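Visitor: sequence and computational prediction follow.
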Amino acid sequence: MAVPAAFFAVFFAYPVTAIVGRGFTADGSWQFGRIGEVLTRPEIVDVLWFTLWQALASTGLTLLLALPGAYVFARFDFPGKQLLRAVVTVPFVLPTVVVGTAFLALLGRGGLLDELWGVRLDTTVWAILLAHVFFNYAVVVRTVGGLWSQLDPRQEEAARVLGAGRFAAWRRVTLPALTPAVAAAALMVFLFTFTSFGVVQILGGPAYSTVEVEIYRQTADRLDLPTAAVLTLVQFAAVIAILAVHARTVRRRETALKLVDPALTARRPRGAGQWTLFAVVLATIVVLILAPLAVLVERSFEGGGGPGSYGAGFYQALRSVEASGGTFLVPPLEAVWNSLQYALAATAVALLVGGLAAAALTRRAGMLVRGFDALLMLPLGVSAVTVGFGFLITLDEPPLDLRTSWILVPLAQALVGVPFVVRTMLPVLRAVDARLREAAAVLGASPLRAWREVDLPLVRRALLVAAGFAFAVSLGEFGATVFIARPDNPTLPVAVARLLGRPGELNYGQAMALSTILMLVCAAALLLLERIRPDRSAGEF
């Protein structure tokens with residue numbers, strides 16, 4: 001636990017505490033009265049209310065649209081199932097900036113809906129809600145569907161033999177077993193939408209602001225650290241509450257069920273009802289997930305060969321500094337290479353820290369270990385903007401003067417990658433029979449050799465999957481990177497956001513082209529993960 005604890009203390013707790021402390025101090029004294037002053041301001045009340053209700057609405061809409069998909073992936077067997085599962089997961093590993101860009105191409109000015117029917121939904125709450133469903137659809141399908149596929153269908157069949165109708169059998173047998181997984185998925189969706197940044201920043205415009213977006217505005221635009229500090233504490237408290245409830249539902253799910261092999265529960269759809277459900281789910285995936293991605297690709301070529309024609313002009317413009325109109329000091333295409341380098345370094349750090357943390361968590365040592373587990377999840381919910389700005393004001397003096405160092409970006413990205421490494425490797429490590437290690441020790445193996453010859457072969461595939469997820473989320477990290485990425489070394493998400501922030505068709509087209517490149521890299525990584533993905537315990541994403 002020492003290395004992960006030290007890593008989080010230096011690169012998470014210290015920057016966050018420092019920036020919050022600056023917001024609450026004046027003339028050398030603490031000013032806690034600012035909390036009440038900030039939280040009673042009408043504009044902040046509006047931000048808090050919008051953050052809460054849009055997260056609740058996004059969660060409800062995601063469950064409504066994704067639960068039928070979870071059933072189809074759990075209970076139906078059909079050609080291309082593995083590929084389709086990977087496709088619905090692509091949005092989750094995409095940067096939120098790319099998600100916002102895709103929906104801007106679909107719903108915004110000059111978008112597909114605008115061209116066909118004159119309908120624009122950008123700068124409306126509907127664009128935000130739909131983008132959140134697009135991003136979180138896979139969370140419900142994977143979390144709930146993973147458990148659903150391992151529930152023994154004979155239990156529900158026995159209830160029907162005893163006289164229960166189809167709905168009554170599902171409500172009394174299957175639903176209670178699924179409730180912990182549904183609750184866990186809902187909490188994770190709520191967490192991601194409550195802390196939403198890139199989607200709201202791009203699609204919401206100035207009219208809508210979540211707590212995360214407001215922290216960015218108060219920090220970057222107004223340099224109002226007291227207000228940003230109060231909002232950071234509010235978000236921090238909300239995230240801790242959400243994670244505490246989530247941990248409780250996960251423990252219930254781990255201990256309450258006896259599961260079967262998923263291969264024994266899936267079969268081809270039968271009857272008009274099941275085929276209709278399958279068709280509806282497939283249509284939902286096409287409209288909600290494939291359409292925004294397809295429009296994003298189409299917009300990256302439209303106008304690239306001149307007005308009204310298609311071509312690769314926007315992609316070619318990425319190789320020129322002049323084409324960006326002074327937005328970058330280097331050709332935008334260099335952001336691709338920068339992002340790959342940063343993501344590889346962040347993946348290495350995340351595997352080291354997350355692997356050690358997962359190994360420590362396999363030893364169930366009571367409240368201390370559970371608290372450590374919760375600590376590892378905090379970077380998913382605590383403001384990345386606060387972390388990024390905290391890096392700038394804390395890591396600027398020896399022995400940690402890193403402001404001009406390239407390693408600063410991978411360190412910030414690794415903070416987001418560590419939770420995915422832990423969540424991927426932990427169930428596999430816990431499944432390793434401790435008697436195998438004991439037998440190796442009896443035969444004379446040292447602890448290091450026992451780990452190398454017993455644990456490592458069993459967890460190798462999980463390690464590769466963890467590396468893939470860490471790479472994908474590091475590649476798309478935006479909230480902290482936007483503060484610390486240097487102008488001569490931009491990352492892909494930062495480059496996309498800067499291009500979208502400047503007027504002109506050329507800048508818009510280049511943003512679409514960079515987003516398409518980033519989407520293809522993430523999709524390729526995810527498809528590779530699907531091929532090497534090991535069997536997981538129920539409900540693991």
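Guide: Received, thanks. Numbering: from 1, shown residues only.

Visitor: C-terminal to the helix or strand bottoming out on mean pLDDT in the chain, what's the next element?
Guide: Here the helix or strand of the chain ranked lowest by mean pLDDT, DSSP states H and E is strand 29-30, holding a mean of 71. Following strand 29-30 in sequence order, the next helix or strand is helix 33-39 (DSSP states H and E).

Visitor: that following helix - contacts with which helices or strands?
Guide: Packing partners of helix 33-39 (3 or more C-beta pairs under 8 Å, 6 or more residues apart in numbering; DSSP states H and E): helix 42-75, helix 225-256. Placement of C-beta: from N, CA and C, glycine included.

Visitor: one step back: the least confident helix or strand of the chain pairs with which strands?
Guide: Pairing partners of strand 29-30, with direction, according to DSSP bridges: strand 25-26 (antiparallel).

Visitor: what mean pLDDT does the partner strand get?
Guide: Across strand 25-26, the average pLDDT comes to 73.

Visitor: what's the answer for stretch 206-220, then?
Guide: 85.

Visitor: and the pLDDT at residue 394?
Guide: So, for residue 394, pLDDT stands at 85.

Visitor: number of nearby residues for it?
Guide: When neighbours are defined as other C-beta atoms under 10 Å, residue 394 has 20 of them.

Visitor: need the contact list for it.
Guide: 14-15, 18-19, 400 (C-beta atoms under 8 Å, 6 or more residues apart in numbering).

Visitor: repeat that for 6 Å
Guide: 14-15, 18 (C-beta atoms under 6 Å, 6 or more residues apart in numbering).

Visitor: out of these, which is most surrounded?
Guide: residue 15 (23 neighbours).

Visitor: my read: that residue touches residue 390, true?
Guide: Yes - assessed by C-beta atoms under 6 Å, residue 15 is found in contact with residue 390 at 2.8 Å.

Visitor: what residues sit buried inside stretch 310-318?
Guide: Within stretch 310-318, the residues that count as buried by 16 or more other C-beta atoms under 10 Å are 313-315, 317-318.

Visitor: make JSON lines out of these and add distance to residue 136.
Guide: Converted to JSON lines, the buried residues of stretch 310-318 look like this (distance: C-beta to C-beta, whole Å):
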{"residue": "313", "distance to residue 136": "34"}
{"residue": "314", "distance to residue 136": "29"}
{"residue": "315", "distance to residue 136": "30"}
{"residue": "317", "distance to residue 136": "33"}
{"residue": "318", "distance to residue 136": "30"}
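
Visitor: mind checking how far stretch 19-28 is from the chain centre?
Guide: 31 Å (C-alpha atoms, centre = their mean, to the nearest Å).

Visitor: got the buried residues for it?
Guide: 19-20, 22-24.

Visitor: take the residues you listed and write them to TSV, including secondary structure and distance to residue 474.
Guide: Shown next, in TSV, are the buried residues of stretch 19-28 (DSSP: H, G, I helix; E, B strand; the rest coil; distance: C-beta to C-beta, whole Å):
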residue	secondary structure	distance to residue 474
19	helix	22
20	helix	25
22	helix	28
23	helix	28
24	helix	31
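
Visitor: list just the nearest of those to residue 220.
Guide: residue 19 (12.5 Å; C-beta to C-beta).

Visitor: the strands in the stretch 351-500 of the chain, which residues?
Guide: Under the criterion DSSP state E, counting those that start in this stretch, the stretch 351-500 of the chain contains strands at 396-397, 400-401.

Visitor: any chance of TSV for those, columns mean neighbour count and distance to residue 520?
Guide: Converted to TSV, the strands of the stretch 351-500 of the chain look like this (neighbours: other C-beta atoms under 10 Å; distance: least, C-beta to C-beta, whole Å):
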stretch	mean neighbour count	distance to residue 520
strand 396-397	10	37
strand 400-401	12	36
